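Engineer: Quick check, what structure comes out for this input:
(chains A and B)
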Amino acid sequence: MIGREDIGGVHIKYLHHCRRQLWLYVRGIRPEHLSAAVQTGEAVHDVSYPRHSPVDLGAARLDFLDGQQWVHEVKSSSRPTDADRAQAYHYCHQLQRLGVEVQGAVLHYPATRRTHRYPYTPEAAAQAEEDITAALATAHAPVYPERLPRTGCRGCSFADYCWTE
Amino acid sequence: MPAATRTYWLTSPCRIRRKDESLVIERDAAPSVHIPVTDVRDIVACAETDLNTSVVSLLNRHRISVHLLSYYGDYAGSLLTADTSTSGETVLAQAALARDPQASMAIARSIVDACAFNVRRVIDRKLLARPYTVLQESIREATTPLHLMGAEGTFRRSAWEVIDTKLPDWLQLNGRSRRPPKNAGNAFISYVNGIIYARVLTAVRLTPLHSGIAFLHSSMERQRHSLVLDLAEMFKPLFAERLLLRMASRNQLKHHHFDRDTNQAMLSDTGRKLVVQTVRDELAVTVTHRALGRPVAYDELLYLDALALTRHCLEGTLYKPFRIWW
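Structural biologist: As a prediction, this is how the structure comes out:
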């Protein structure tokens, strides 16, 4: 099973969206590549900011890091969510651990041409730590977490798995 | 299966080539076609197909399988991508269920029951009512998968007799025969079953299940994908028997669609093309799924059924094999 250093951005995002999704993900259920929504997201990544190169941190992979040490992340949705922010904080946390003095994260929403800036404060660092602990606890839980209410599953690539009878 | 990509069916002899990061299909009789590789979920090759290493590595990168049907219409094999979808924990859970006689018998029973239900639904509800109750009785009494298969065989025999009453003389089955099929009707059913087997294999490969660990058929025997045999059971009547009856009653099948010898029969080139097109169109037909609340293609039903089995293995939710509900 996975340990603290294996937790990546996807784990944190799933933790905030749906614990069951995270539980399934660490068990190797990966229907993402079959989902049109995920493919759109990848296409948005490919065509947005093509001059920047991604930074690979092993478990996590962030879109790019600028000269002022801000983490940049491109999102294909139009609506900022807590999961997006938590994911960005997680990247900051990972970089901090490697000795990079991160200032914070900038989330880009090309669909609405907005950006959101989140400075990396001590509270954010604490939240990132908490998220990692919560993600590990969820991943190691012996019993599967329950499904979200139906409306929460809209657009999720795991919905077919969870809702088929 | 989810609609982000699609299946490509090759019905004439061709060569698959790699052109940069994409595919080109070269044909003798017709101009070649370029296919964006991101649009391909899998390829079903129903005619002679050549391909080489560079194509295989590209296909593997995009997780595309190629299924090959032989000249005689039976399933010849597949070029499968590396096992990227299987998950250790699911496979272990699946194996544990398969080792547990009680749990695996429960699954095998429900598969046989659902299969017979679908056969009856497709062929004739009234005439098969009695054999179906007999079958349910023997399912309850059966203690091994072998008994189950025997009971299913008995039911199937009555089903073949009933289906013969609805077919024109020259298409009648006169009992099921395989390798080689003895007559036109059997040739049709064998061919469609081969396609369905290939489709179910694709579906299973997209889920974390292991295609070799089965519940009704014996696991990993003679390198067959036994789980695929299990899951294909419920879907064969939906396609093979149903399409045979439909195409016969619409007079779509003609004598020239079959090459017949004294003791064996197979589809001719035109017949094969017709059947492949029909099955392909049938796979794209949609019905509203009651649990998902959205239209679902027949093709996707195979995938959803495999997912339901995954859930049964991993979480212990009740597995209800596919039954025709419309």
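Engineer: contacts and neighbour counts: CA atoms only from here.
Structural biologist: Will do.
Engineer: got the contact list for residue 62?
Structural biologist: Just so you know, I chose chain A. A:Leu62 is in contact with A:54-56, A:71-73, A:91, counting by CA atoms under 8 Å, 6 or more residues apart in numbering or on different chains.
Engineer: ah, no, chain B please
Structural biologist: B:His62 is in contact with B:37-38, counting by CA under 8 Å, 6+ apart.
Engineer: All the helices of chain B, in order from the start?
Structural biologist: Along chain B, the stretches classed as helices by DSSP state H are B:53-61, B:88-99, B:101-123, B:129-141, B:145-164, B:184-206, B:226-236, B:242-249, B:269-283, B:298-315.
Engineer: Let me have the ones you listed in JSON lines, adding distance to chain A as columns.
Structural biologist: Putting the helices of chain B into JSON lines (distance: least, CA to the nearest CA, whole Å) gives the following:
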{"stretch": "helix B:53-61", "distance to chain A": "12"}
{"stretch": "helix B:88-99", "distance to chain A": "6"}
{"stretch": "helix B:101-123", "distance to chain A": "14"}
{"stretch": "helix B:129-141", "distance to chain A": "22"}
{"stretch": "helix B:145-164", "distance to chain A": "24"}
{"stretch": "helix B:184-206", "distance to chain A": "8"}
{"stretch": "helix B:226-236", "distance to chain A": "15"}
{"stretch": "helix B:242-249", "distance to chain A": "24"}
{"stretch": "helix B:269-283", "distance to chain A": "18"}
{"stretch": "helix B:298-315", "distance to chain A": "6"}
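Engineer: Redo the ones you listed as JSON lines? Include mean pLDDT.
Structural biologist: What follows is those, written out as JSON lines (pLDDT from 0 to 100):
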{"stretch": "helix B:53-61", "mean pLDDT": "87"}
{"stretch": "helix B:88-99", "mean pLDDT": "82"}
{"stretch": "helix B:101-123", "mean pLDDT": "87"}
{"stretch": "helix B:129-141", "mean pLDDT": "83"}
{"stretch": "helix B:145-164", "mean pLDDT": "85"}
{"stretch": "helix B:184-206", "mean pLDDT": "85"}
{"stretch": "helix B:226-236", "mean pLDDT": "87"}
{"stretch": "helix B:242-249", "mean pLDDT": "89"}
{"stretch": "helix B:269-283", "mean pLDDT": "86"}
{"stretch": "helix B:298-315", "mean pLDDT": "88"}
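Engineer: could I get those helices as TSV with mean neighbour count and distance to A:Ala83?
Structural biologist: Formatted as TSV, the entries for those read as follows, by neighbours: other CA atoms under 10 Å in any protein chain shown; distance: least, CA to CA, whole Å:
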stretch	mean neighbour count	distance to A:Ala83
helix B:53-61	16	30
helix B:88-99	18	27
helix B:101-123	21	39
helix B:129-141	16	50
helix B:145-164	18	48
helix B:184-206	25	27
helix B:226-236	24	38
helix B:242-249	18	48
helix B:269-283	17	38
helix B:298-315	22	26
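Engineer: Kindly reformat these as CSV containing distance to B:Ile35.
Structural biologist: Output for the helices of chain B, formatted as CSV (distance: least, CA to CA, whole Å):
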stretch, distance to B:Ile35
helix B:53-61, 12
helix B:88-99, 34
helix B:101-123, 37
helix B:129-141, 47
helix B:145-164, 41
helix B:184-206, 20
helix B:226-236, 28
helix B:242-249, 30
helix B:269-283, 18
helix B:298-315, 21
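Engineer: which one of those lies closest to A:Arg20?
Structural biologist: Put simply, out of these the one that sits nearest A:Arg20 is helix B:298-315, at 11.5 Å, with distance taken as CA to CA.
Engineer: That closest one vs helix B:269-283, what angle?
Structural biologist: Between the axis of helix B:298-315 and that of helix B:269-283 there is an angle of 60 degrees, by axes from the mean of the first three to the mean of the last three CA atoms, to 10 degrees.
Engineer: Going along the chain, name the helices of chain A.
Structural biologist: Taking DSSP H, the helices of chain A run over residues A:9-17, A:19-26, A:36-47, A:82-97, A:122-140, A:159-163.
Engineer: buried stuff in the longest one?
Structural biologist: The reference is to helix A:122-140. Counting neighbours by 16 or more other CA atoms under 10 Å in any protein chain shown, one finds that the buried residues in helix A:122-140 are A:124-125, A:127-129, A:131-132, A:134-136, A:138-140.
Engineer: before we move on, the earlier item: averaging pLDDT over each of the helices of chain A, report the lowest-scoring one.
Structural biologist: Out of those, the stretch the model trusts least by mean pLDDT is helix A:36-47, with a mean of 78.
Engineer: In CSV: the helices of chain A, plus distance to B:Arg109.
Structural biologist: Formatted as CSV, the helices of chain A follow (distance: least, CA to CA, whole Å):
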stretch, distance to B:Arg109
helix A:9-17, 37
helix A:19-26, 28
helix A:36-47, 36
helix A:82-97, 44
helix A:122-140, 34
helix A:159-163, 23
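Engineer: Out of those helices, which gets nearest to chain B?
Structural biologist: Closest approach to chain B among these (CA to the nearest CA): helix A:36-47, 4.7 Å.
Engineer: Would you mind putting the CA coordinates of that closest one into CSV?
Structural biologist: Below are the C-alpha coordinates for helix A:36-47, written out as CSV (Å, rounded to 0.1, in the frame of the first residue of the first chain):
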residue,chain,number,x,y,z
ALA,A,36,-14.6,12.1,-22.6
ALA,A,37,-14.4,14.7,-19.9
VAL,A,38,-10.9,13.6,-18.9
GLN,A,39,-9.8,13.6,-22.5
THR,A,40,-11.1,17.2,-22.8
GLY,A,41,-9.0,18.1,-19.7
GLU,A,42,-5.9,16.6,-21.2
ALA,A,43,-6.5,18.5,-24.5
VAL,A,44,-6.9,21.7,-22.5
HIS,A,45,-3.6,21.0,-20.9
ASP,A,46,-1.9,20.3,-24.2
VAL,A,47,-3.0,23.5,-25.8
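Engineer: Thanks a lot, see you next time.
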